[in-house]
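S.K.: Give me a 3D structure for the following:
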Amino acid sequence: MLLRLLFPLLLLWSTSLSAQGFDSLMRAHGMVEVTQLAPHIRVELKYATRDNFIGENLYGTLKKAYLHPNLARALARAQRALEAELPGYRFLIYDAARPQSVQRRMYQAVAGTPKKIYVAAPERGGRHNYGVAVDLTIIDDKGKPLDMGSPFDHFGEEAHLGNEEARVRAGIFSEEVPRNRALMRRLLGAEGLRPYDKEWWHYQERMPMSEVRKRYRLLAF
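M.R.: Have a look, this model is predicted:
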């Protein structure tokens with residue numbers, strides 16, 4: 001009986017330590033907490049919840065978004081441009097720098113399935129594992145996410161970029177989707193970021209992966 005009562009407390013304590021470890025390890029690997037540079041940006045880490053393609057909390061109680069300083073500064077500039085154009089609008093971050101250990105769990109979940117193309121192999125790491133990719137959307141002045149045509153983590157053609165107008169004509173997308181996606185591309189593109197064509201929410205520096213591995217440090221924890 002005592003063990004049954006203690007187990008939830010031990011689990012909570014272990015999870016809390018893990019999150020604290022992620023924070024300190026992110027900083028030790030040169031990452032910065034995004035809202036320190038852009039306090040108006042909102043953060044809702046989907047992998048710190050069960051609302052993701054795995055259906056598990058992979059980050060414990062971690063709530064902060066970390067990025068390499070170069071990407072964090074670019075995102076801060078894009079946020080200022082967004083507010084200047086649309087007062088009260090903000091970027092909402094769904095995922096940012098990602099530990100290699102979390103990447104392994106994600107990859108194991110899709111290995112041997114068609115979803116494998118959406119998750120980078122963990123051995124050498126993808127851009128998130130170097131802190132140079134961010135998953136995000138835009139929310140309006142009331143805090144509502146703009147219609148981007150699909151939810152975050154939707155592994156399907158609705159999340160792919162391109163053919164938005166044809167999907168509007170077919171009744172698949174609302175008329176707002178092409179405009180909202182174009183707004184993201186314009187604001188983030190002006191800061192040197194480009195999207196991944198299969199995920200409207202994913203933006204990264206315009207740099208080959210081979211160069212990323214030379215310049216940046218893998219989050220090997």
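
S.K.: going forward, measure contacts between C-alpha atoms and count neighbours the same way
M.R.: OK.

S.K.: Flag the shaky bits of this protein, pLDDT-wise.
M.R.: For the chain, residues meeting the criterion pLDDT under 70 lie at 1-20.

S.K.: Now do the strands in it.
M.R.: Along the chain, the stretches classed as strands by DSSP state E are 32-33, 42-43, 66-67, 90-95, 133-139, 193-196, 199-205.

S.K.: OK, contacts around residue 158?
M.R.: 149, 150 (C-alpha atoms under 8 Å, 6 or more residues apart in numbering).

S.K.: Distance-wise, check it relative to residue 167.
M.R.: 9 Å (C-alpha to C-alpha, to the nearest Å).

S.K.: ditto for residue 22
M.R.: Applying C-alpha to C-alpha to residue 22 and residue 167 gives a distance of 41 Å.

S.K.: Compare these two and say which is more crowded by neighbours.
M.R.: Using other C-alpha atoms under 10 Å as the criterion, residue 22 and residue 167 rank with residue 22 on top: 21 against 17.

S.K.: List the residues that contact the more buried one.
M.R.: Contacts of residue 22 by C-alpha under 8 Å, 6+ apart are 62, 99.

S.K.: number of nearby residues for residue 217?
M.R.: For residue 217, using other C-alpha under 10 Å, the count is 15.

S.K.: Ignore what I typed, I meant residue 97.
M.R.: 23.
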